[in-house]
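K.L.:
what's the 3D shape of this:
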Amino acid sequence: MAVIHPFRALRPPAAKVEQVASVPYDVVNTEEARSLAGDNPLSFLHVTRPEIDLPDGTDIYSDGVYEKARENFQKLTADCPLETEGAPSLYLYRLKMGEHTQTGVAACCSVDEYDRDLIRKHEYTRPDKENDRTRHMITLRAQTGVVFLTYRADRRIDALVEAETKNAPLYDFTAPDGVRHTVWRAPAPEQIVRAFGEVPLLYIADGHHRAASASRARAALREQNPNHTGDEEYNRFVCVVFPDDQVQILPYNRAAKDLNGLSPDEFLAEVRERFDVTDDANPRGPGKSGHWHMYLSGRRYGLTLKGGAANKNDDDDPTRALDVSLLQDNLLAPILGVTDPRTDKRIEFVGGIRGTRELERLVNEGRAAVAFALHATSIEELLKVSDAGRVMPPKSTWFEPKLRDGLLIHTI
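P.N.:
Now for the predicted structure:
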């Protein structure tokens with residue numbers, strides 16, 4: 001059963017929340033973070049990407065970067081100031097992007113449940129990224145960004161959440177990207193906690209490195225604490241839990257830098273051996289699973305596997321049925337020679353938020369030889385992969401809209 005914990009969030013005052021709130025640290029590079037923070041000293045990017053306040057070329061994993069993070073965090077806490085909630089609370093966090101709306105419960109979850117796979121995963125994590133966020137958490141004694149979890153929707157929880165959102169919010173602002181962020185505090189969270197106690201499983205949607213780093217930080221802090229009881233805040237990590245029927249996944253598209261030594265005509269001929277190919281595909285991308293769109297030499301093609309949806313049902317390994325896997329196994333590997341998309345520099349992944357026009361731009365500018373638009377992985381496919389204990393292929397999902405960093409900080 002899922003256990004969620006109220007916590008005493010460290011958070012900015014409402015009058016300054018728009019200045020503090022920032023994009024997640026891992027969706028921008030140093031240059032982009034520096035540009036977004038601009039001349040705003042309250043931007044939380046000074047805490048999550050502190051190298052923006054150090055000389056160009058600074059190693060982002062150097063000792064000075066973590067020390068700068070600590071310094072910036074202390075300064076923000078004092079100058080903003082950030083304030084600690086008077087009592088442990090749950091929070092409701094609503095995201096609205098265009099016509100899409102999703103509302104989740106912000107809480108802390110158990111590191112023990114994460115370690116025991118009661119909070120299920122679907123991605124590998126990279127040691128360098130784990131090392132970075134683990135050190136960041138231990139240096140600050142805080143988790144500065146939330147993990148995005150999901151669960152199979154429960155109408156009782158929906159009703160409890162809806163009731164809480166009738167009250168006046170703590171925060172309600174629209175970020176520069178047009179996403180509206182609204183946060184409420186649930187001062188009497190017992191009913192929501194009990195309702196989640198009947199939810200069988202939680203699943204990580206986005207934030208695997210943050211969760212893995214929280215586990216490693218807990219292990220390190222436990223080792224340093226001779227009086228460890230298991231009730232310390234470092235035994236939990238901050239998250240927002242959304243029902244699966246509200247989660248929005250966009251496609252993660254692909255672009256290949258070359259045609260593996262083939263001419264465009266030769267490449268297209270090989271594709272036709274494996275796929276049924278149609279001309280003049282919809283520029284917005286495929287409308288359903290089992291269909292791919294390809295942009296080559298200024299033309300859009302529609303692709304479907306010959307013989308229908310081969311491998312679409314594989315109960316032993318549900319990853320084989322994913323559109324990203326079918327494209328990889330039937331085209332990227334055998335024709336383009338991209339055998340390991342995790343490491344091959346010839347393949348570029350393009351988040352669906354950037355649209356199919358970005359794929360065409362890459363090809364038209366000569367930065368890619370061919371590009372592929374995919375249908376989005378469904379949340380049910382993700383849950384099925386997680387339940388099977390499998391790992392999704394790299395760059396299978398792009399969750400949108402994104403939660404903001406700096407709104408609800410968990411001190412450990």
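K.L.:
send the alpha carbons of stretch 6-15 over as CSV?
P.N.:
The C-alpha trace of stretch 6-15 is given here as CSV (Å, rounded to 0.1, in the frame of the first residue of the first chain):
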residue,chain,number,x,y,z
PRO,A,6,2.8,15.4,5.3
PHE,A,7,5.9,17.6,5.6
ARG,A,8,6.8,21.1,6.7
ALA,A,9,7.7,22.7,3.4
LEU,A,10,10.3,25.4,3.1
ARG,A,11,8.7,27.8,0.6
PRO,A,12,8.7,31.4,-0.7
PRO,A,13,6.1,34.0,0.2
ALA,A,14,3.3,34.4,-2.4
ALA,A,15,4.5,37.9,-3.3
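K.L.:
Report the buried residues of it.
P.N.:
The neighbour-count criterion (16 or more other Cβ atoms under 10 Å) identifies Pro6, Phe7, Ala9, Leu10, Arg11, Pro12 as the buried residues of stretch 6-15. Backbone N, C-alpha and C define where each C-beta goes, glycine included.
K.L.:
what bridges to the fifth one?
P.N.:
Put plainly, it is Arg11. Glu83 (DSSP bridges).
K.L.:
Let me know the closest of the buried residues of stretch 6-15 to Ala219.
P.N.:
Ranked by distance to Ala219 (Cβ to Cβ), the buried residues of stretch 6-15 are led by Phe7 at 20.1 Å.
K.L.:
For the nearest residue to the closest one once chain neighbours are set aside, list the residues it contacts.
P.N.:
In space, and not counting its chain neighbours, Phe7 is closest to Cys108: 4.6 Å by Cβ to Cβ, 6 or more residues apart in numbering. Listed by Cβ atoms under 8 Å, 6 or more residues apart in numbering, the contact partners of Cys108 are Ile4, His5, Pro6, Phe7, Glu233, Arg236, Phe237, Val238, Cys239, His410.
K.L.:
Roughly how far does the closest residue to the second one other than its chain neighbours sit from Lys129?
P.N.:
Excluding its sequence neighbours, the residue lying closest to His5 (Cβ to Cβ, 6+ apart) is Cys108, at 4.3 Å. Note on Cys108: its distance to Lys129, by Cβ to Cβ, to the nearest Å, is 22 Å.
K.L.:
go on, Val147?
P.N.:
Noted for Val147: a distance of 14 Å to Lys129, by Cβ to Cβ.
K.L.:
quick one: which of the two has more around it?
P.N.:
Counting neighbours by other Cβ atoms under 10 Å for Val147 and for Lys129 shows that Val147 has the greater number, 26 against 15.
K.L.:
Which residue lies nearest to the more buried one in three dimensions, sequence-adjacent residues excluded?
P.N.:
Closest to Val147 by Cβ to Cβ, 6+ apart is Gly207, at 3.7 Å.
K.L.:
same question, Arg210
P.N.:
Val147 (5.0 Å).
K.L.:
Ok, Arg70 next?
P.N.:
Of all residues not flanking Arg70 in the chain, Thr139 sits nearest, at 5.3 Å (Cβ to Cβ, 6+ apart).
K.L.:
got a list of what that neighbour touches?
P.N.:
Contact analysis of Thr139 by Cβ under 8 Å, 6+ apart lists Tyr66, Glu67, Ala69, Arg70.
K.L.:
could you pull out the strands for the stretch 1-150 of the chain?
P.N.:
4-5, 10-11, 83-84, 90-97, 100-110, 119-120, 142-143, 147-151 (DSSP state E, counting those that start in this stretch).
K.L.:
what angle do the longest one and strand 90-97 make?
P.N.:
Our comparison of strand 100-110 with strand 90-97, counting by axes from the mean of the first three to the mean of the last three Cα atoms, to 10 degrees, yields an angle of 150 degrees.
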